[in-house]
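In: Output the structure for:
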Amino acid sequence: MFNMDTHTHSLISSARLRHASHGAVDALASSFAASYAGVVAFLAVADEGSFARAGVRLGIGRSAVSRSVQKLETQLDARLFQRTTRSTSLTREGELFYANCQPGVERIMHAMEDMHELRSGPPKGHLRIHSTTGFGRMIVARLLHDFHLRYPGITLELVLNDMPPDFTTDRIDVSFRDGRLEDSDVVARKLMPMQMVLCASPDYVQAHGMPLDVNDLGRHSCINFRSSSGHIRQWQFRIGETLQKFLPQAHCTFNDIDLIVQSVLKGQGIAQLPSYLVQSLLKERKLLMGLEQFAADDEGCHLCYPSRKQLPDRTRVFIEYAVEHACLMDLPG
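Out: Coordinates of the predicted model:
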């Protein structure tokens, strides 16, 4: 029988221990990789509502997405999606898993982006910007051209929507909002005040005159704005040191502020509008301003972005640029 000396036995034992340890590490790494791939595939399907569209988003085939999700469901011993031939929706277990997983994956992606940007020179990457429709057309669109010339490595996407954004679900980096967003996870930085001005066309003023005071509004044809929340926006006036709100009886109400501007231009009535929207029309005398002595500032326009200690460079430089240049714009009020 072969007799193994103590030293040889020790070497073999150490080798076996290293092999066992290495195998455990490999198994752990493999398990994590499979889990992470499954979570990424799961989130993509949940966001896109389709395995096929998730595959396009991830750059892999539909079958690969399906396999990753199935492995994840096996690991969790839970069904995450309700699948039919026409639709894919989250089960209740899927909704809970989505709510718990998404913040973690987002933080990992942000961490990787931040580390990449620290070492990669000038800011680069894709910036998704949200704005209310009127402000986006009149102000934000003017900012983007010169910003892109300064930072050609940053690609820009402008999303116009009067509904408040969901920064995570909508993948929004920066949002321009009239007023603040009531969200503790969002930084709301006031960009500029916005004076609300009473406007009428010269033809309307010639036919009906301009209101003499707030109490005189009742005899005029007023046009109201219904916001994305469903509420009709109240008119605001500064009477002495007091801000007073007034909701006139309107002969016409729109949920699109551009339609209100067009109606006022056609002499169909008077409206209270943000100064940035009508500044050129007032200068050209296509619209006239009334009750100037009672004009009030609203809550202003805010630049909103997720509260993070380390913003990506592309987001940080855009915020700095927007704050600097919005203040230089020629806005009345």
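In: From now on I want contacts and neighbour counts done on CA atoms only, so please keep to that.
Out: Fine.
In: can you list the residues that contact stretch 236-253?
Out: With CA atoms under 8 Å, 6 or more residues apart in numbering as the test, stretch 236-253 has contacts from 196, 214, 217-218, 221-226, 233-235, 294-296, 298.
In: packing partners for the host helix or strand of residue 320?
Out: Counting by DSSP states H and E, the element that carries residue 320 is helix 313-326. Secondary-structure packing of helix 313-326 (3 or more CA pairs under 8 Å, 6 or more residues apart in numbering; DSSP states H and E): strand 125-131, helix 141-150, strand 186-192.
In: Could you report the pLDDT at residue 109?
Out: As summarised for this prediction, residue 109 has a pLDDT of 67.
In: In the stretch 201-333 of the chain, where is pLDDT below threshold?
Out: 297-299, 308-310, 327-333 (pLDDT under 70).
In: on that earlier part again, would you list the helices and strands packed on helix 313-326 in CSV and tack on distance to residue 305?
Out: As requested, the helices and strands packed on helix 313-326 are arranged in CSV below (distance: least, CA to CA, whole Å):
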stretch, distance to residue 305
strand 125-131, 10
helix 141-150, 17
strand 186-192, 5
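In: Any chance of a markdown table for these, columns mean pLDDT, mean neighbour count and distance to residue 280?
Out: A markdown table is the format used below for the helices and strands packed on helix 313-326 (pLDDT from 0 to 100; neighbours: other CA atoms under 10 Å; distance: least, CA to CA, whole Å):
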| stretch | mean pLDDT | mean neighbour count | distance to residue 280 |
| --- | --- | --- | --- |
| strand 125-131 | 90 | 20 | 21 |
| helix 141-150 | 88 | 14 | 14 |
| strand 186-192 | 81 | 18 | 18 |
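In: Could you report the neighbour count for the closest residue in space to residue 166 that isn't next to it in sequence?
Out: When the adjacent residues along the chain are set aside, residue 166 lies closest to residue 172, with 7.3 Å between them (CA to CA, 6 or more residues apart in numbering). Neighbour count of residue 172, defined by other CA atoms under 10 Å: 20.
In: hmm, back to that, compare the helices and strands packed on helix 313-326 and report which one is nearest to residue 104.
Out: Judged by CA to CA, the one of the helices and strands packed on helix 313-326 that comes nearest to residue 104 is strand 186-192, at 17.3 Å.
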